[in-house]
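> Here is a sequence together with a model predicted from it:
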Amino acid sequence: MTEKTVLRRTKIVATLGPNSDSAEMVEAMILAGADVFRLNFSHGSAEEHCQRAQWIRSAAKKAGREVAILADMQGPKIRLQRFVNGQVEVKDGAAFTLDIDCPVDAGDEHHVGLTYHDLPKDVCPGDHLLIDDGKVVMVVDRVDVSKVHCTVIVGGLLSNNKGINRQGGGLSAAAITDKDRADIKVAARIKADYIAISFPRDENDVREARSLVRAAGGHGGIIAKIERADSLAVVEGIIAASDAIMVARGDLGVEIGDAELPAVQKHLIHLARSMNCIVITATQMMMSMVKNQIPTRAEVFDVANAVLDGTDAVMLSDETAVGKHPALAVSAMDRVCKGAERQKLAVISKHRVNAQFIHIDESVAMATMYTANHLHVRAIASMTESGATVQWMSRISSGIPIYALTRHEATRRKVALMRGVYPVAFNVDEGMNHLEINNAVIDELLSQGTVCEGELVIVTKGDMMGMHGRTNTMKIVRVGE
């Protein structure tokens, strides 16, 4: 295949914001390669999010693509309140007080209010507080009922509504707020394919989010954003309870320190894949493209390393939300992912070859990928109801495309986030036998130009068509025979 026809396996998540908030820009980003759009519920009204969802669905249909919607909940607001003049500069060695009794708009160079009123209960003398992603650092001197008295050790500019982290984690704010509960209902209304939960403390937060989504009539998968230092100690439980995780490198990097972040990112990607969980790598991946038309070499290496480590998706945040060149940022991400995927390391792995399998569909998926990686197979065609079988397959590194053939639109959008999986609308006529079904599958791939006469295709399906989790058959078919 030529470069123009190479399928990108790593998926791209693009965030909508002020500079991409139009039907035309959504369409441009889809044409540039966006697979998933992130709606940031920290900003905007319910009506605005509904409008954006309509743009996405309409533009995806026009482009003939299956594009997923990710609704990202705000989570607990651990932030400064506002300053009289919008901002102040604090100098090294200055005294500064974080005061829950300070009026909302009365901050100055000596003190400021807080949105999080439990901060005095969560910190102790000697703790380091990092404000605005660590641009300003303060050490806690003493704490009383309503005030946290600090000394500035890294000075800088403080402005309205900046976030606060405690180095090492430990803030007790609940992951799901009243605002999140209301926003989850909006996410269900727009049929969001994934709902991301901010700052989950453990698997119970993930389960609560899933219950709220289902109670609201939603069917989207739950993404746990790994942002707290203390969540790393229980991350296996969080992964087990989630459909996907996001390595949210902003807050996580602030809490654990930038030097620790690369190894933690690699560990989380590996762990998620080994536990059959989707993983997104996020935050500042191409940050220079907020202003520039091309990424830096360091950013290229950052994206490529995540791809080589096996991440399912890479995410653009400010780059597409407030950047000058949203569609160019998506195009750059597409180009870099494809370049990284040409490396042999990203094509074949020995992942889980010695593992004990539990489920039949898991066993079929693993057998399919082992066979595909050791036989000259052109494509894998998996007939699926829920997407479970192709998710198992996508955990194994391979250069062979996995086509998820399904009649369910929601499933086609769900698999849009899975590495190396491509959704295809496909339905089986009642009464067709297995030979006729195989032929129909091959005809579909031929019609798309995906396979050619004489090539091998692996087809997976279940004896009981139309039932979830019943994949039990793998068939090797030669096109044209």
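Received the coordinates, thanks. Numbers count the residues shown, from 1 in each chain.
> In terms of residue numbering, what are the domains of the chain?
If you go by automatic domain parsing, the domain ranges for the chain are 3-74+174-341, 87-166, 360-478.
> Of all those domains, which one comes closest to Gln81?
Nearest to Gln81, of all the domains of the chain, is domain 87-166, at 3.3 Å by C-beta to C-beta. Where you see a C-beta, it was placed from the backbone N, CA and C, and this is true even at glycine.
> First-to-last residue distance for the closest one?
Taking C-alpha to C-alpha, to the nearest Å, the span from the opening residue of domain 87-166 to its closing residue is 22 Å.
> so can I have TSV of the domains of the chain showing distance to Gln81 and mean pLDDT?
Formatted as TSV, the entries for the domains of the chain read as follows, by distance: least, C-beta to C-beta, whole Å; pLDDT from 0 to 100:
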stretch	distance to Gln81	mean pLDDT
domain 3-74+174-341	16	96
domain 87-166	3	96
domain 360-478	36	90
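> For those, give me TSV that also has mean neighbour count.
Supplementary listing: the domains of the chain in TSV, determined by neighbours: other C-beta atoms under 10 Å:
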stretch	mean neighbour count
domain 3-74+174-341	20
domain 87-166	17
domain 360-478	19
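> can I get the ones you listed in TSV with distance to Leu80?
Compiled in TSV, the domains of the chain are given as follows (distance: least, C-beta to C-beta, whole Å):
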stretch	distance to Leu80
domain 3-74+174-341	15
domain 87-166	5
domain 360-478	34
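> Run through the residues that contact the nearest residue to Cys50 once chain neighbours are set aside.
Leaving aside its chain neighbours, Cys50 sits nearest to Ile190 (5.7 Å; criterion: C-beta to C-beta, 6 or more residues apart in numbering). Listed by C-beta atoms under 8 Å, 6 or more residues apart in numbering, the contact partners of Ile190 are His49, Cys50, Ala53, Ile69, Ala71.
> same question, Ala329
Ala329 makes contact with Ala14, Met286, Met289, Leu316, Glu319, Thr320, Gly323, according to C-beta under 8 Å, 6+ apart.
> returning to that earlier point: got the phi/psi numbers for the residue nearest to Cys50?
Note on Ile190: its backbone torsions stand at phi -90, psi 10 [degrees, to the nearest 10].
> so how far is Ala53 from it?
4 Å (C-beta to C-beta, to the nearest Å).
> list residues touching both of these two?
Common neighbours of Ile190 and Ala53, counting by C-beta under 8 Å, 6+ apart, are Ile69.
> now the helices for the stretch 151-300 of the chain?
Taking DSSP state H, counting those that start in this stretch as the criterion, the stretch 151-300 of the chain carries its helices at 178-189, 203-215, 235-241, 249-256, 261-274, 297-309.
> I'd like these as CSV, with distance to Met29 appended.
Supplementary listing: the helices of the stretch 151-300 of the chain in CSV, determined by distance: least, C-beta to C-beta, whole Å:
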stretch, distance to Met29
helix 178-189, 20
helix 203-215, 26
helix 235-241, 29
helix 249-256, 22
helix 261-274, 25
helix 297-309, 17
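> For Gln81, give me its contacts.
Counting by C-beta under 8 Å, 6+ apart, the residues that Gln81 touches are Cys102, Pro103, Val104, Asp105, Gly107, Val112, Gly113, Leu114, Thr115, Asn160, Asn161.
> does the residue nearest to Asp312 when sequence neighbours are not counted count as helix, strand or coil?
Closest residue in space to Asp312, ignoring its immediate chain neighbours: Arg419 at 4.2 Å, by C-beta to C-beta, 6+ apart. State at Arg419, reduced to three classes by DSSP: H, G, I helix; E, B strand; the rest coil: coil.
> Over to Val148?
strand.
> That one and Cys124 touch, don't they?
No: using C-beta atoms under 8 Å, Val148 is not in contact with Cys124; the gap is 9.9 Å.
> Which parts of the stretch 51-200 of the chain are strands?
Ranges of strands in the stretch 51-200 of the chain, per DSSP state E, counting those that start in this stretch, are 68-72, 87-90, 95-99, 111-112, 128-131, 136-143, 147-154, 156-159, 164-166, 194-197.
> which residues are in contact with the fourth one?
Applying C-beta under 8 Å, 6+ apart, the set of residues contacting strand 111-112 from outside is Leu80, Gln81, Arg82, Phe83, Phe96, Thr97, Leu98, Asp99, Cys102, Lys147, Leu158.
> Which single one of those residues is nearest to Glu453?
If you rank the contacts of strand 111-112 by distance to Glu453 using C-beta to C-beta, Leu80 comes first, at 65.4 Å.
> follow-up on the earlier one: dump the contacts of strand 111-112 into TSV; add distance to Leu445 as well.
Converted to TSV, these look like this (distance: C-beta to C-beta, whole Å):
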residue	distance to Leu445
Leu80	55
Gln81	58
Arg82	58
Phe83	60
Phe96	64
Thr97	66
Leu98	60
Asp99	65
Cys102	64
Lys147	67
Leu158	58
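> Which member of the residues you listed is positioned nearest Ser398?
Within the set of these, Leu80 lies nearest Ser398; the separation is 47.7 Å, counting by C-beta to C-beta.
> Hmm, that closest one is touching Lys162, no?
Yes: when contacts are counted by C-beta under 8 Å, Leu80 is listed as touching Lys162 (5.1 Å).
> mind checking the SS state of Gly44?
The assignment at Gly44 comes out as coil when based on three-state DSSP.
> Please apply the same query to Lys461.
Look at Lys461: counting by three-state DSSP, its state is strand.
> and the gap between the residue lying closest to Ala244 once chain neighbours are set aside and Ala329?
Nearest-residue entry for Ala244: Ile278, 3.6 Å, with adjacent residues in sequence omitted and distances by C-beta to C-beta, 6+ apart. Here Ile278 is placed at a distance of 22 Å from Ala329 (C-beta to C-beta).
> for Asp443, same thing?
As defined by C-beta to C-beta, Asp443 lies at a distance of 38 Å from Ala329.
> Same question for Cys337.
13 Å.
> And Gly163, by the same measure?
Taking C-beta to C-beta as the criterion, Gly163 is separated from Ala329 by 23 Å.
> swap in Ile269?
22 Å.
> what about the strands in the stretch 251-400 of the chain?
Per DSSP E, counting those that start in this stretch, the stretch 251-400 of the chain has strands spanning 278-282, 313-316, 377-383. These are given in chain order.
> Return the list of strands paired to the last one, each annotated with direction.
So that's strand 377-383. The strands that strand 377-383 pairs with in its sheet are strand 402-406 (parallel), strand 456-462 (parallel) (by DSSP bridges).
> cool, the first one as well?
If you go by DSSP bridges, strand 278-282 pairs up with strand 244-248 (parallel), strand 313-316 (parallel).
> Using TSV, please lay out the ones you listed together with distance to Asn305.
Listed next are the strands paired with strand 278-282 as TSV, based on distance: least, C-beta to C-beta, whole Å:
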stretch	distance to Asn305
strand 244-248	12
strand 313-316	10
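> With respect to Leu7, which of those strands lies nearest?
Nearest to Leu7 among the strands paired with strand 278-282 is strand 313-316; the distance by C-beta to C-beta comes to 14.8 Å.
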